[in-house]
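**Q** Show me how the following folds:
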Amino acid sequence: MSRTDQRRRRVLRAVAPVAGLLAVGLLVWQGSYAAFSATTNNTGDSWATGALTLQNDAGTGTYAGSTSAVFTETALKPGSTNSKCITVAAGGTTGGTLKFYRGAVTGTNNPAALSAQLTTTIQATAVLAAVPSPAVGVNCANFPAVGISTITAAGATLSSLPSTYAAGLGSFVVPAGARWVTYKITYTFTSTGSSAGDNALQSSDAAADLNWEIQ
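**A** Numbering: from 1, shown residues only. The predicted model follows:
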């Protein structure tokens, strides 16, 4: 054997292991990366809030977010009584629970004692899907005789009415869209039971907001 052949054999013996490793590596790479695949996706997801609206008509048939007082009573004496009606209109893209509550009682010359003698009864229609027709009117001329509920027991005083939404009266479930509820609010100025107690209330006044809220 010539020296050239001997050198060729030695080179082949040295290269063979390296070539084998390269072949094994190529097989591993092909096994790891040459795989089937599939995907799926759901596109364009988004989130947007709804809205609630609430207005009242102060008995006039014209709705606004805030209206002027319907009770402006003067020259009261024990036994004085009156009723007023207000229609509340709800709307928006989400429903909620509608409740009634009063604001803080303010006034002069012992308003707390006077508000404790103003007994109230609050009645309401069912939740209506159409504006009341004919309009009920501030003096309750067309307040229905049937299909109503009393949401406070007769004799609840102005001072004892709830003053927060959490404790609010009515709890009407109102679906999304336009809905109406008419409230009839009746007060009576009741005697304290004594001339001295009644006389202490002369020249007194008490005031409070009437609030409706939906959540």
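**Q** drop to CA atoms for contacts and neighbour counts, all remaining ones
**A** OK.
**Q** quick one: the strands in the protein?
**A** Along the chain, the stretches classed as strands by DSSP state E are 52-56, 81-92, 96-102, 106-108, 118-125, 148-150, 156-157, 169-174, 179-189, 205-207, 210-214.
**Q** what angle separates the second one from strand 179-189?
**A** With axes from the mean of the first three to the mean of the last three CA atoms, to 10 degrees defining the directions, strand 81-92 sits at 160 degrees from strand 179-189.
**Q** Contacts for strand 81-92, please.
**A** Here strand 81-92 makes contact (CA atoms under 8 Å, 6 or more residues apart in numbering) with 50-59, 61, 63, 70-71, 136-140, 143, 174, 176-189, 212.
**Q** Are any of the residues you listed buried, and if so which?
**A** Using 16 or more other CA atoms under 10 Å as the burial test, the contacts of strand 81-92 include 53-59, 61, 63, 70, 136-140, 143, 174, 176, 178-189, 212 as buried.
**Q** And residue 55, how close does it get to residue 211?
**A** Using CA to CA, to the nearest Å, we find residue 55 at a distance of 10 Å from residue 211.
**Q** typo on my end, residue 194
**A** Going from residue 194 to residue 211 by CA to CA gives 33 Å.
**Q** Neighbour count: these two, which is higher?
**A** residue 211 (16 against 8; other CA atoms under 10 Å).
**Q** Contact partners for that one?
**A** 100-103.
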